[in-house]
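Asker: sequence and predicted model, in that order:
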Amino acid sequence: MERLAVSSSNLASVGYDNTALTLEVEFNNGGVYQYYNITEDVYTDLMNAGSIGSYFSNNIRNVYPTQKV
């Protein structure tokens, strides 16, 4: 999955597959995780958030099923 670099103290890049409803996040420490059942609205809100890291922590992490890649 292609990811876009983001400006965040915790996240390095974010990718999204709207067919599989899968969000892929690369953390600054090098870990890559996929989050499942992410709607396009959630992805759009994440990418447009004033703080991508805060939005991710508050609305995605520990909310959606995830797996380390």
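Answerer: That came in fine, so what should we check first? Numbering: from 1, shown residues only.
Asker: now do Tyr43 against Asn29, distance only.
Answerer: Separation of Tyr43 from Asn29 (Cβ to Cβ, to the nearest Å): 22 Å. Using the backbone N, CA and C atoms, a C-beta is placed for each residue, glycine as well.
Asker: the two - which one has more neighbours?
Answerer: Neighbour totals were compared for Tyr43 and Asn29, and Tyr43 leads with 20 against 7 (other Cβ atoms under 10 Å).
Asker: helix/strand/coil for the residue in the chain sticking out farthest from the centre?
Answerer: Here the chain reaches farthest from its C-alpha mean at Thr19, the gap being 15.5 Å by Cα atoms, centre = their mean. Look at Thr19: counting by DSSP: H, G, I helix; E, B strand; the rest coil, its state is coil.
Asker: give me the most central residue, this structure.
Answerer: Note: the chain centre (Cα atoms, centre = their mean) maps to Val25, 4.4 Å.
Asker: got the buried residues for the helix or strand containing that one?
Answerer: Per DSSP states H and E: Val25 is located in strand 22-27. Buried positions in strand 22-27, judged by neighbour count with 16 or more other Cβ atoms under 10 Å: 22-26.
Asker: ok, those vs Val14, which is closest?
Answerer: Nearest to Val14 out of the buried residues of strand 22-27 is Val25 (Cβ to Cβ; 5.6 Å).
Asker: so what's the closest one bridging to?
Answerer: Val14, Tyr33 (DSSP bridges).
Asker: what's the pLDDT at the residue farthest from the centre of the chain?
Answerer: We have a pLDDT of 97 for Thr19.
Asker: tell me how far it lies from Asn48.
Answerer: Taken as Cβ to Cβ, the span from Thr19 to Asn48 is 21 Å.
Asker: got the contact list for Glu40?
Answerer: Listed by Cβ atoms under 8 Å, 6 or more residues apart in numbering, the contact set of Glu40 reads 16, 18.
Asker: now the phi/psi pair for it, please.
Answerer: Main-chain torsions, Glu40, degrees, to the nearest 10: phi -60, psi -30.
Asker: many thanks, we can stop here.
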